[in-house]
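Visitor: sequence first, predicted coordinates after that:
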Number of protein chains: 2
Amino acid sequence: MTKPGHEAEIEQDEAARSRGVYELDSDLVEAVEEALDRGDGASVRTLIQPLHDADIADLLQNLGTDERREFVRAIRAEFRPGILAELDETVREEVIDELGPVGTAAAVAELDTDDALDVIADLDEDEQQQVLEAIPATDRALIEEGLAYPEDSAGRLMQRELVAVPSFWTVGETIDHLRRNADEAPDNLPSDFYDIFVVDPGHRPIGAIPLSHLLRARRPVSLTDLMTTEMKVIGANTDQEDVAFLFRQRNLTSAPVVDDGGRLVGVITIDDVVDVIDEELEDDMMRLGGVREDDLYSASVDTARSRFGWLLLNMGTAILASLVIGLFDATIEQMVALAVLMPIVASMGGNAGTQTLTVAVRALATKELTDANALRVIGKELVVGGVNGIVFAVIAAAVAWLWFGSVAIAVVLGLAMIINLVVAALAGATIPLMLERAHVDPAIASGVFLTTITDVVGFFAFLGLAAWFLM
Amino acid sequence: MTKPGHEAEIEQDEAARSRGVYELDSDLVEAVEEALDRGDGASVRTLIQPLHDADIADLLQNLGTDERREFVRAIRAEFRPGILAELDETVREEVIDELGPVGTAAAVAELDTDDALDVIADLDEDEQQQVLEAIPATDRALIEEGLAYPEDSAGRLMQRELVAVPSFWTVGETIDHLRRNADEAPDNLPSDFYDIFVVDPGHRPIGAIPLSHLLRARRPVSLTDLMTTEMKVIGANTDQEDVAFLFRQRNLTSAPVVDDGGRLVGVITIDDVVDVIDEELEDDMMRLGGVREDDLYSASVDTARSRFGWLLLNMGTAILASLVIGLFDATIEQMVALAVLMPIVASMGGNAGTQTLTVAVRALATKELTDANALRVIGKELVVGGVNGIVFAVIAAAVAWLWFGSVAIAVVLGLAMIINLVVAALAGATIPLMLERAHVDPAIASGVFLTTITDVVGFFAFLGLAAWFLM
């Protein structure tokens, strides 16, 4: 019963597993780089032959900019369209430049509509026009329809290919319809689908039937008896973040998408949503780190430029903090220990505030932090800030006392620590809430506000108390 | 053809969409809180009647600790097991405490094996034993088998229920088998499935058939002609992060899981993997922010305690920075402007380094940063650090010159800025790489190493250059 081929398949697979699930290793990358150096396109083609499209995309991303161009030139004649769908945006632009409009159009025409749309949407308008003109008319029409939906909307995410059947059909009629289509017009069927949708005469979805339910029902069963009407219908203009939220909240695997008239125009499946979830979380993580977007593959100059804005903002914050210190230069001149100790309070405030901020930004993104529990969360963070404030006040005061032998400095440092950690907790919890209410992305802007506050309050509390008590 | 009920369903849904896809609002939370205050359990039950399990879980998370207990008491008699699967870990513990072992066992027994396993695995050993004893023997056996797999492994993630058929069957025989099972032994079938697996006599998977392919094939077609053998077979002990990587890399929707003998024991579907991806990215984000794990629902004392460690580490860093400043107290005493300006260099280094660090930590997690391109990435970050270092050196020097009228101070500040931004770039790129190689999670430990370096180098470069040039 077992074919030798299958045995081999599984063994090969087990080897892959032991290598850690990943098929691209640095030996292979080096071998490709050497072949490119030798200008040996044939070797390059042989080396990548066994690789999955996604691994070739990774390989491309591992190469330098010049090597990437040579690589694309080497494989141009047998370029696999699937590679385009797997590439990072920055690298994809380079590849598309090298392929040219005609080469790109040929590749895009072979992709699924949602992948094609994704590739085309990232091009600038001129390139878009050039590539679209080189694509066959029917494919072009579908892509242009997709481009008409707003960026990051359900309309961009959905697959156009779906199976919709009238509600008066039976299971048998549906299966016959699928078999007939498969024989006579396979292009009418999506290559993979998980649900069929039952529509009314106006093509509005009234129910969904998972394939596993269709398969186990007897032929005479009516679709209306089988379908679930408790499905989530998504408007084509719905933002993709809301789509992702809905899929996670309801554990959906697929959902019908309707136009403004309520007519079924597409279907979104969970695998499309995975990319959105991924992208969304990665964006939040990058923004909290002060990076506009993942710039791993961008050129140095572009990276330096895109990170400049955030650094400039922080420079402003740092200067503001210096101005606060400048207010107390006379005090520092008299007691240089203050200059030595003052970064501790500001630094601890920044770190404690960032902890609160990170939790709050994430909770806002998952809708776990809402108006209903905002006050409770702020209250809790204040308690946490107070408790850790007192603990670290004691530690810092002990250090200052041992170091400088002055009880007064120790007390001032401790008091400033408590003040700054409580302020940091308050700021860390409320800044994201206020930004969210002002419709500003909390991930992108919270950090700079927070450190401004913790620096200013940290230096002012410590030096101000010192000036007041010690002078 | 259209039933009024369906019309109503869709309209209701459109209202939900206009409310922003979410059905839980703060009015509802307030109404429930008031009912709880009045001790009016009947009202609570009526209010939550129309809600989805996931929304009830969110509602519970929106309540305070005491209210949660009252809420569980109010709905105990008609507690829906699905709520347990949707709850955050911390809140779930509270709910399970309130339900008691017998109540929890009753709920768990109704869940799917993977959800049941998830709930049970989070309990401490005593509770686990108590709950397991109260669960019917067959369910208990399945859960105990699952618990035998390592935490965070494919074995914990997989669903046990699957459809496996012999390779000598035809499409017709397979469909008849499913229909017969649905009538006679519905418990033998998973409630939802996307693929059927073809197995050899040793129950080893040799192929997979997506349901959409099965449905459109004619009855006499043999399964071996229909199945794809290019499937990824996952070992039950594979780490869930590798599983998630594989699903994303290969765009899988489901994959068979095998035991050490290569026998098919379960199936992992993309919806299980979504939670892993989510969790993994959230963990990285939290750790970069200095939080061990999302602690939104933890009690204040637990939160304060869990955040203490990170703050203590940072306190050590801050004291180290103070020690460096202390080396130059005589210099500062002579020129207090140095104390005013010194935080700027350290702060800019910390921010620029964090940018690099964030990109590097993420790229390591996605296997985009590898041995093959490590040197290229470090080189690029050094260029970025150098470029921004020069730009900000000019800006900072101008500010210092305008403020203190001293060219010497301006030059020192500018030079220190370049040094620290280049060091920050080097540290931000290499620290995560070194930690990864030492098998330490780069997300959790990189930040504290980085700020130690940027603080120490920032203060030392600025004050050291000042001492050398100006004194």
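Guide: Ah, there it is.

Visitor: where do the helices of the stretch 151-300 of chain A begin and end?
Guide: Assigned helices in the stretch 151-300 of chain A, in chain order: A:154-157, A:171-184, A:211-216, A:223-226, A:240-250, A:270-288, A:300-326 (criterion: DSSP state H, counting those that start in this stretch).

Visitor: hey, which helix or strand in chain A has the poorest pLDDT?
Guide: Considering only helices and strands, the least confidently modelled element of chain A by mean pLDDT, DSSP states H and E is helix A:4-18, at a mean of 40.

Visitor: next SSE downstream of it?
Guide: Using DSSP states H and E, the next helix or strand after helix A:4-18 towards the C-terminus is helix A:26-37.

Visitor: does any part of the helix or strand just after that following helix sit near chain B?
Guide: Counting by DSSP H and E, the next helix or strand C-terminal to helix A:26-37 is helix A:41-48. No: using Cβ under 8 Å from any Cβ of the partner chain, helix A:41-48 never reaches chain B; the gap is at least 13.7 Å. In this view, the C-beta of every residue, glycine as well, is placed from N, C-alpha and C.

Visitor: helix A:41-48 to helix A:26-37, inter-axis angle?
Guide: Orientation note: helix A:41-48 sits at an angle of 160 degrees relative to helix A:26-37 (axes from the mean of the first three to the mean of the last three Cα atoms, to 10 degrees).

Visitor: could I get the buried residue list for helix A:41-48?
Guide: Across helix A:41-48, burial judged by 16 or more other Cβ atoms under 10 Å in any protein chain shown covers A:41, A:43-44, A:47-48.

Visitor: could you do stretch A:199-210 as well?
Guide: Buried residues in stretch A:199-210, counted by 16+ other Cβ under 10 Å: A:199-200, A:203-210.

Visitor: likewise stretch A:361-371?
Guide: Within stretch A:361-371, the residues that count as buried by 16+ other Cβ under 10 Å are A:361-366, A:368-370.

Visitor: element containing whichever residue of the stretch 301-450 of chain A sits closest to chain B?
Guide: As assessed by Cβ to the nearest Cβ, chain B sits closest to residue A:358 within the stretch 301-450 of chain A, at 2.7 Å. Secondary structure assignment for residue A:358, by DSSP H and E: helix A:337-365.

Visitor: sorry, back to before: tabulate the helices of the stretch 151-300 of chain A (JSON lines), appending mean neighbour count, mean pLDDT and distance to chain B.
Guide: JSON lines is the format used below for the helices of the stretch 151-300 of chain A (neighbours: other Cβ atoms under 10 Å in any protein chain shown; pLDDT from 0 to 100; distance: least, Cβ to the nearest Cβ, whole Å):
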{"stretch": "helix A:154-157", "mean neighbour count": "24", "mean pLDDT": "91", "distance to chain B": "10"}
{"stretch": "helix A:171-184", "mean neighbour count": "16", "mean pLDDT": "92", "distance to chain B": "4"}
{"stretch": "helix A:211-216", "mean neighbour count": "21", "mean pLDDT": "93", "distance to chain B": "4"}
{"stretch": "helix A:223-226", "mean neighbour count": "17", "mean pLDDT": "94", "distance to chain B": "8"}
{"stretch": "helix A:240-250", "mean neighbour count": "21", "mean pLDDT": "88", "distance to chain B": "4"}
{"stretch": "helix A:270-288", "mean neighbour count": "21", "mean pLDDT": "86", "distance to chain B": "4"}
{"stretch": "helix A:300-326", "mean neighbour count": "19", "mean pLDDT": "92", "distance to chain B": "4"}
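
Visitor: in JSON lines, list the ones you listed along with distance to residue B:136.
Guide: Written out in JSON lines, the entries for the helices of the stretch 151-300 of chain A read as follows (distance: least, Cβ to Cβ, whole Å):
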{"stretch": "helix A:154-157", "distance to residue B:136": "42"}
{"stretch": "helix A:171-184", "distance to residue B:136": "34"}
{"stretch": "helix A:211-216", "distance to residue B:136": "25"}
{"stretch": "helix A:223-226", "distance to residue B:136": "30"}
{"stretch": "helix A:240-250", "distance to residue B:136": "29"}
{"stretch": "helix A:270-288", "distance to residue B:136": "32"}
{"stretch": "helix A:300-326", "distance to residue B:136": "57"}
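
Visitor: count of residues packed around residue A:332?
Guide: Neighbour count of residue A:332, defined by other Cβ atoms under 10 Å in any protein chain shown: 24.

Visitor: and the host helix or strand of it, is it in reach of chain B?
Guide: Per DSSP H and E, residue A:332 falls inside helix A:329-334. Yes: counting by Cβ under 8 Å from any Cβ, chain B is contacted by helix A:329-334 at A:329, A:332-333.

Visitor: sitting in strands, which of the buried residues of stretch A:199-210 do you find?
Guide: Judged by DSSP state E, the subset of the buried residues of stretch A:199-210 located in strands is A:199, A:205-210.

Visitor: from the residues you listed, list the ones also adjacent to chain B.
Guide: Cross-checking these against chain B (Cβ under 8 Å from any Cβ) gives A:205-207, A:210 as the overlapping residues.

Visitor: got a list of what residue A:127 touches?
Guide: Counting by Cβ atoms under 8 Å, 6 or more residues apart in numbering or on different chains, residue A:127 makes contact with A:96, A:101.

Visitor: for residue A:101, see how far away it is.
Guide: 7 Å (Cβ to Cβ, to the nearest Å).

Visitor: likewise for residue A:336?
Guide: Taking Cβ to Cβ, one finds residue A:336 at 67 Å from residue A:101.

Visitor: can you check residue A:204 too?
Guide: Relative to residue A:101, and taking Cβ to Cβ, residue A:204 is found at 39 Å.

Visitor: what's the answer for residue A:422, then?
Guide: Following Cβ to Cβ, the distance that separates residue A:422 from residue A:101 is 60 Å.

Visitor: looking at these two, which one has more neighbours?
Guide: The neighbour count for residue A:422 versus residue A:101, taken as other Cβ under 10 Å, is higher for residue A:422 (23 against 19).

Visitor: in terms of helices and strands, where is the more buried one?
Guide: According to DSSP H and E, residue A:422 maps onto helix A:407-437.

Visitor: related to what we said a few turns ago, can you list the buried residues of stretch A:199-210 in JSON lines and add pLDDT and distance to residue B:97?
Guide: Putting these into JSON lines (pLDDT from 0 to 100; distance: Cβ to Cβ, whole Å) gives the following:
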{"residue": "A:199", "pLDDT": "96", "distance to residue B:97": "48"}
{"residue": "A:200", "pLDDT": "95", "distance to residue B:97": "49"}
{"residue": "A:203", "pLDDT": "95", "distance to residue B:97": "51"}
{"residue": "A:204", "pLDDT": "96", "distance to residue B:97": "47"}
{"residue": "A:205", "pLDDT": "96", "distance to residue B:97": "43"}
{"residue": "A:206", "pLDDT": "95", "distance to residue B:97": "44"}
{"residue": "A:207", "pLDDT": "94", "distance to residue B:97": "41"}
{"residue": "A:208", "pLDDT": "94", "distance to residue B:97": "38"}
{"residue": "A:209", "pLDDT": "95", "distance to residue B:97": "41"}
{"residue": "A:210", "pLDDT": "93", "distance to residue B:97": "36"}
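
Visitor: mind putting those in a markdown table, distance to residue A:306 included?
Guide: Output for the buried residues of stretch A:199-210, formatted as a markdown table (distance: Cβ to Cβ, whole Å):
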| residue | distance to residue A:306 |
| --- | --- |
| A:199 | 46 |
| A:200 | 50 |
| A:203 | 45 |
| A:204 | 45 |
| A:205 | 42 |
| A:206 | 48 |
| A:207 | 48 |
| A:208 | 43 |
| A:209 | 48 |
| A:210 | 44 |
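
Visitor: so who does the residue lying closest to residue A:52 once chain neighbours are set aside touch?
Guide: Closest residue to residue A:52 in three dimensions, ignoring its sequence neighbours and counting by Cβ to Cβ, 6 or more residues apart in numbering or on different chains: residue B:250, at 6.5 Å. Residues counted as contacts of residue B:250 (Cβ under 8 Å, 6+ apart) are A:52, A:54, B:232.
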